[in-house]
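In: Mind folding the following:
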Amino acid sequence: MAERCTICGARGLVALGAPGRRGMLSDGAPLGLPVARLGCRHCGTAALAPATLRRLPKRLYGPGYALNAAPPAAADVLRQEGYARRIAALLGRVPDSVLDVGCGNGALLLALGRLWPQARLAGMEPAPGAAGAA
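Out: Numbers count the residues shown, from 1 in each chain. As a prediction, this is how the structure comes out:
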């Protein structure tokens, strides 16, 4: 594939397996269309394929999108700490900075901050409720 990675600019993204005929948002809301993803061999970024992006509704994360619209509960903290440990193990080094796109209520960034206190952390969240909770 000739697409470039939106994070590092590398060419040669690979198609990641689609889980089924219809995709869903993180909160379980159905999209009604397949969701194709591409992965970057260079930096590890995974993202929606351009063909999928063109078919998505213009506004996915409006006021009704409620996933992570509250501060992290104890179960969220534990789950995100597990993700943070896995990310740290896969990366194998302390990064200078971390950008979490679609950071929800910030629970993963908080967990990464505890592992990497010297790293600069930033998050972006389009869903109004989650952004408020972050």
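In: all helices of this structure, in order?
Out: Ranges of helices within the chain are 50-55, 74-91, 107-115, 128-133, based on DSSP state H.
In: The third one: which residues count as buried?
Out: Right, the one you point to is helix 107-115. 107-113 (16 or more other CB atoms under 10 Å). The C-beta positions use only the backbone N, C-alpha and C, and glycine is treated the same way.
In: so can I have TSV of those showing distance to residue 37?
Out: Below are the buried residues of helix 107-115 laid out as TSV (distance: CB to CB, whole Å):
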residue	distance to residue 37
107	23
108	19
109	22
110	26
111	24
112	22
113	27
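In: Pick the one among the residues you listed closest to residue 82.
Out: Nearest to residue 82 out of the buried residues of helix 107-115 is residue 111 (CB to CB; 8.4 Å).
In: The closest one touches residue 83, doesn't it?
Out: Yes. Between residue 111 and residue 83 there is a contact under CB atoms under 8 Å: 7.0 Å.
In: residues near residue 118, how many?
Out: A total of 8 residues lie near residue 118 under the criterion other CB atoms under 10 Å.
In: Renumber starting at 31 from here on
Out: Sure thing, new numbering starts at 31, so read that last one as residue 148.
In: quick one, what contacts it?
Out: residue 124 (CB atoms under 8 Å, 6 or more residues apart in numbering).
In: what's it sitting at in phi/psi?
Out: Backbone torsions of residue 148, given as degrees, to the nearest 10, read phi -90, psi -10.
In: low-scoring stretches of this structure, by residue?
Out: By pLDDT under 70, the low-scoring segments of the chain are 31-32, 48-50, 56-57.
In: For residue 51, see how far away the spatially closest residue to residue 85 that is not a sequence neighbour is.
Out: Nearest residue to residue 85, sequence neighbours excluded (CB to CB, 6 or more residues apart in numbering): residue 63, at 5.6 Å. Using CB to CB, to the nearest Å, we find residue 63 at a distance of 8 Å from residue 51.
In: who's more crowded, the two?
Out: residue 63 (13 against 9).
In: residue contacts, the more buried one?
Out: With CB under 8 Å, 6+ apart, residue 63 has these contacts: 52-53, 82, 85-86.
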